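[1] Below is the sequence, then the predicted model.
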Amino acid sequence: MNNSFDYIIETNDITKKYGDFTAVNSVNLKVPRNSVYGVLGPNGAGKTTLISMLCTILRPTSGGATVNGYDVVKNAREVRASIGIVFQSRALDDILTGREHLEMHASLYAVPSNVRQKRIDEVLDLIALGEKADEYTKTYSGGMKRRLEIGRGLVHHPKVLFLDEPTLGLDPQTRENIWEYITKLNQEEDITVLMTTHYMEEADQLCDEVAIINQGQIIKSDSPINLKRELKADTITVKVDKPELFTEKVKTLDYVQKVFEDDSTIKLMVERGENLVPPLVNFANQNGVMVESIELQHPNLEDVFISYTGTKITGGR
């Protein structure tokens, strides 16, 4: 293959329908080589369906895609040889050791026998499981199991690693450890990582670029920093005793760009929010509303998502 291509994954109006339901709707992506690229969206947005088409597990209804220069329909075998996959659901055998899992995967992907053990040792070192390599995976923690699954997807030197919700269900500290390994393998293995997530901080921390997907469509894509800069708005989160009244009144203020409600909590999109906290408290008091708490935040990816969809992300797939 010619490695001069700027983009290792490209989609062209790729679409997947199930009867009258469109799970992925004319999606166009360009994933730069050797980047960490995130597909960010809520439960049911189409993230896993999109990855499944790129991995040749599902056939597109229309449109197409190339991975590492190969067409996902016409050259499915070559695509599979070019990629590693880590699914959401666990796929480890408790009665095998970590090393045995890697040996089995290396055999399935025809890693040459004369380099197989060297490669397995390299991967065990990369995922920091060398000392536990010969123990049964039933003794592994959740984080160790996830690292082993990532390692298994690396053993055959793929050009692209697909991670579908790689830290779903893990505790915060273990999630941060997995983030470190993802960054490390991207840098040391010269590999492109395409990951799906609904964790905003995960996308912000790891990804060079993100695509926000909602209801099967890409609604915005760029680097996290550019997305936040483009928003040009701070978020003031206010908890009040009369949310309906406050929401009705606050919408009349010229400096409030958008208002989003979540039970008794109201999010206000404003510019230069540091100057607006005292006036908002006074405004609430003047209208018979008691402010229970008020917090100022500069733009993050959740704010970006809310600004484009009018809702916040909940759920996983």
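    Perfect, thanks for sending it.
[2] residues contacting residue 118?
    With contact set as Cβ atoms under 8 Å, 6 or more residues apart in numbering, residue 118 has no partners. C-beta: built from backbone N, CA, C; applies to glycine.
[3] Quick check: buried residues in the one helix or strand it maps to?
    Using DSSP states H and E, residue 118 sits in helix 113-126. Residues of helix 113-126 classed as buried: 116, 119-120, 122-124, 126 (neighbour count, 16 or more other Cβ atoms under 10 Å).
[4] report the angle between the axes of the lengthiest helix in the chain and helix 113-126?
    Using DSSP state H, we find that the single longest helix of the chain is helix 172-188. Orientation check (axes from the mean of the first three to the mean of the last three Cα atoms, to 10 degrees): helix 172-188 against helix 113-126 gives 140 degrees.
[5] and this protein, what are its domains?
    Recorded structural domains for the chain (assignment: automatic domain parsing) are 7-228, 233-298.
[6] And the average pLDDT for the longest helix of the chain is what?
    For helix 172-188, mean pLDDT is 87.
[7] Now do it: which elements does it pack against?
    strand 36-40, helix 113-126, helix 142-152, strand 192-197, helix 200-206 (3 or more Cβ pairs under 8 Å, 6 or more residues apart in numbering; DSSP states H and E).
[8] same thing but 6 Å
    Applying 3 or more Cβ pairs under 6 Å, 6 or more residues apart in numbering; DSSP states H and E, we find helix 172-188 packed against helix 142-152, helix 200-206.
[9] Let's have those helices in CSV, adding mean neighbour count, mean pLDDT and distance to residue 180.
    As requested, the helices and strands packed on helix 172-188 are exported to CSV (neighbours: other Cβ atoms under 10 Å; pLDDT from 0 to 100; distance: least, Cβ to Cβ, whole Å):
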stretch, mean neighbour count, mean pLDDT, distance to residue 180
helix 142-152, 22, 91, 10
helix 200-206, 21, 90, 10
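[10] Using TSV, lay out those helices together with distance to residue 166.
    Output for the helices and strands packed on helix 172-188, formatted as TSV (distance: least, Cβ to Cβ, whole Å):
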stretch	distance to residue 166
helix 142-152	7
helix 200-206	8
